[in-house]
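*Asks:* Sequence plus predicted model, see below.
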Amino acid sequence: MPWLAKHYDRVLFVGAAPYTYQFEKLFRRNRGQYTTIDPHDGTAVWGARQHIVAPLQEIERHRPEGYFDCVVLNGVFGFGIDDLESQRTAIRVIHRALSAGGLLLVGWNTNLIPDLGELGLCEPYFTSTVKDLPWPHRTRFPPPETHVYDFYTRLGTSR
């Protein structure tokens, strides 16, 4: 998160929970830089000052298309957006919310959902990326950890 705060001006973090509360202080250089979204009213206490109580699918009601240059979707697939069609919808919505060339970070658990790359879930909206990142496209952790991070670049132009 510190690296994202340093390199991206408008970040959307999908989901709010106790572990996300501390993230906003990393984004102090720009008051509106960090936005959180979560459909549950009770999670707002852990969200950003710029918190939106709504499902991800409604982000366009709250921010214009192409507004964000980075979206963090960590632990949402398999913990709220579970079925393949809902995941595809989320990817389309994120594509519209991101500016051209924007970064999508997806954190997911290999024991909960199939491999995003093998599913082709991000096609044709995103491509795997390592551009200017300090991590490989897929970042794994030693077993028994099943959580991985994948990094994608938004394809196409913003309207």
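*Replies:* Looks like it came in fine.
*Asks:* In which helix or strand does the residue at minimal distance from the centre of the chain reside?
*Replies:* Nearest to the mean C-alpha position of the chain, by Cα atoms, centre = their mean, lies residue 72 at 2.2 Å. Per DSSP states H and E: residue 72 is located in strand 68-74.
*Asks:* In CSV, list the C-alpha atoms belonging to that strand.
*Replies:* Provided in CSV are the C-alpha atoms of strand 68-74 (Å, rounded to 0.1, in the frame of the first residue of the first chain):
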residue,chain,number,x,y,z
PHE,A,68,-9.5,6.0,-10.7
ASP,A,69,-5.9,5.2,-11.7
CYS,A,70,-5.7,2.2,-9.4
VAL,A,71,-8.2,-0.3,-8.0
VAL,A,72,-7.4,-2.8,-5.2
LEU,A,73,-9.7,-5.8,-5.2
ASN,A,74,-8.3,-7.8,-2.4
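*Asks:* still on that earlier bit, tell me which residues touch the residue nearest to the centre of the chain, please.
*Replies:* Residues near residue 72 by Cβ atoms under 8 Å, 6 or more residues apart in numbering: 4, 11-14, 105, 107. Bear in mind the C-beta positions are built from the backbone N, C-alpha and C, glycine included.
*Asks:* same question, residue 96
*Replies:* Contacts for residue 96 (Cβ under 8 Å, 6+ apart) come out as 60, 65-66.
*Asks:* Next: residue 126.
*Replies:* Listed by Cβ under 8 Å, 6+ apart, the contact set of residue 126 reads 91, 95, 104, 152-155.
*Asks:* For those, which entry has the maximal number of neighbours?
*Replies:* Using other Cβ atoms under 10 Å as the neighbour criterion, residue 154 leads the contacts of residue 126 with 27 neighbours.
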